[in-house]
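Colleague: how would this look folded up:
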Amino acid sequence: MSKAERHRSARERLAEQRRREEQRRRRLRALLVGVGAVAVIAVVAAAVVLIRSRGDEDAVATAPLSRQPDGSVVMAQPGVTAPVLEIYEDFQCPACKAMEKETGTTIKKLAAEGKVKVVYRPFSLFRSMGEPVSGNSLRALNASLCAPADKWLAYHDKLFDEQGPENAKGFENADLIKWAAEVGITDEAFAACVEGTQRQQQIDQANAAADRAGVQGTPWVTLDGRRLGQDAVFDAKGMRKAVENAKSKA
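Modeller: You can find the predicted model right below:
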């Protein structure tokens, strides 16, 4: 697939995600209009419970992390080598942010439980789409490569939390440095790395690795080399089932 086709596919995927989000918003508005005050209060209370529950899940301990020479980051318990879950993602990709929201915590838990070896492979899918999209993608990727391994996962999650609109300039160096400090990265070397785009070589390696792997969009998630479908990528129960089934066969 050509770069033009890849970019067109990415745009179509973004458009489809926005359509689904708009449908969800319309359904929610219809629900709020159609129910009484008591039901609304119940919905709000349930939402608070879900938010608190999500916060508790996010606090779960994670497996050790290590950075590989090519810039990828491995999250796995000592001695766990299979199955292997590889995640190709772009920090400017809204669908990747959606995946992190839906299955990110489950993936962390599975690695902490010793059920999977996770390899994060961030790259720049949008590198040829022109400003501001490509600039956002590349600046965020460079900053993630500058982050130390022990703080990388927290910074990874922070970048998705701070992801802005597709066509607005974002992930500016000052913000990338400020967000890093918020997750405990305060080394002056990090700031210099971000401001000087010092990880260009690893950016090139990451992009080349994605091309060799045949990645055509993001998120692109494989389990032992087999691409996972949306029923696992965007569904926590589906992700756990896929990993545990693969673990039982390993």
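Colleague: okay, stretch 131-145 in PDB with CA atoms only?
Modeller: The C-alpha coordinates for stretch 131-145 follow below in PDB (Å, rounded to 0.1, in the frame of the first residue of the first chain):
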ATOM      1  CA  GLU A 131       1.600  20.600   9.400                       C
ATOM      2  CA  PRO A 132       0.200  20.600  11.900                       C
ATOM      3  CA  VAL A 133      -0.600  16.900  12.000                       C
ATOM      4  CA  SER A 134       2.900  15.600  11.000                       C
ATOM      5  CA  GLY A 135       4.600  18.000  13.400                       C
ATOM      6  CA  ASN A 136       2.500  17.000  16.300                       C
ATOM      7  CA  SER A 137       3.200  13.300  15.600                       C
ATOM      8  CA  LEU A 138       6.900  13.800  15.300                       C
ATOM      9  CA  ARG A 139       7.400  16.000  18.300                       C
ATOM     10  CA  ALA A 140       5.400  13.700  20.500                       C
ATOM     11  CA  LEU A 141       7.300  10.600  19.200                       C
ATOM     12  CA  ASN A 142      10.700  12.300  19.800                       C
ATOM     13  CA  ALA A 143       9.700  13.200  23.300                       C
ATOM     14  CA  SER A 144       8.600   9.700  24.100                       C
ATOM     15  CA  LEU A 145      11.900   8.400  22.900                       C
END
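Colleague: can you give me the buried ones in it?
Modeller: 132-145 (16 or more other CB atoms under 10 Å). Yep, even glycine has a C-beta here, placed from its N, CA and C like the rest.
Colleague: farthest-apart pair in the residues you listed, please.
Modeller: Across these, the longest distance by CB to CB is 20.1 Å; it joins 132 and 145.
Colleague: what segments of this structure are helices?
Modeller: 3-34, 37-58, 94-112, 133-146, 149-161, 173-182, 188-195, 200-212, 230-233, 236-249 (DSSP state H).
Colleague: compare the mean pLDDT across those helices and name the weakest.
Modeller: Among the helices of the chain, helix 37-58 carries the lowest mean pLDDT, a mean of 35.
Colleague: re earlier: reformat the buried residues of stretch 131-145 as JSON lines; add distance to residue 195.
Modeller: Converted to JSON lines, those look like this (distance: CB to CB, whole Å):
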{"residue": "132", "distance to residue 195": "18"}
{"residue": "133", "distance to residue 195": "21"}
{"residue": "134", "distance to residue 195": "19"}
{"residue": "135", "distance to residue 195": "14"}
{"residue": "136", "distance to residue 195": "16"}
{"residue": "137", "distance to residue 195": "17"}
{"residue": "138", "distance to residue 195": "14"}
{"residue": "139", "distance to residue 195": "10"}
{"residue": "140", "distance to residue 195": "14"}
{"residue": "141", "distance to residue 195": "15"}
{"residue": "142", "distance to residue 195": "10"}
{"residue": "143", "distance to residue 195": "10"}
{"residue": "144", "distance to residue 195": "15"}
{"residue": "145", "distance to residue 195": "14"}
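Colleague: pick out whichever of those residues sits closest to residue 168.
Modeller: residue 132 (6.4 Å).
Colleague: touching, that closest one and residue 165? I think so.
Modeller: No - using CB atoms under 8 Å, residue 132 is not in contact with residue 165; the gap is 9.3 Å.
Colleague: what sits against residue 83?
Modeller: 116-117, 223-224, 243, 246-247, 250 (CB atoms under 8 Å, 6 or more residues apart in numbering).
Colleague: excluding its backbone neighbours, what's nearest it?
Modeller: residue 246 (3.9 Å; CB to CB, 6 or more residues apart in numbering).
Colleague: ok, now residue 75?
Modeller: residue 118 (4.3 Å).
Colleague: I'd guessed residue 244 sits against residue 109; true?
Modeller: No - Residue 244 lies out of contact with residue 109 (CB under 8 Å); the separation is 11.6 Å.
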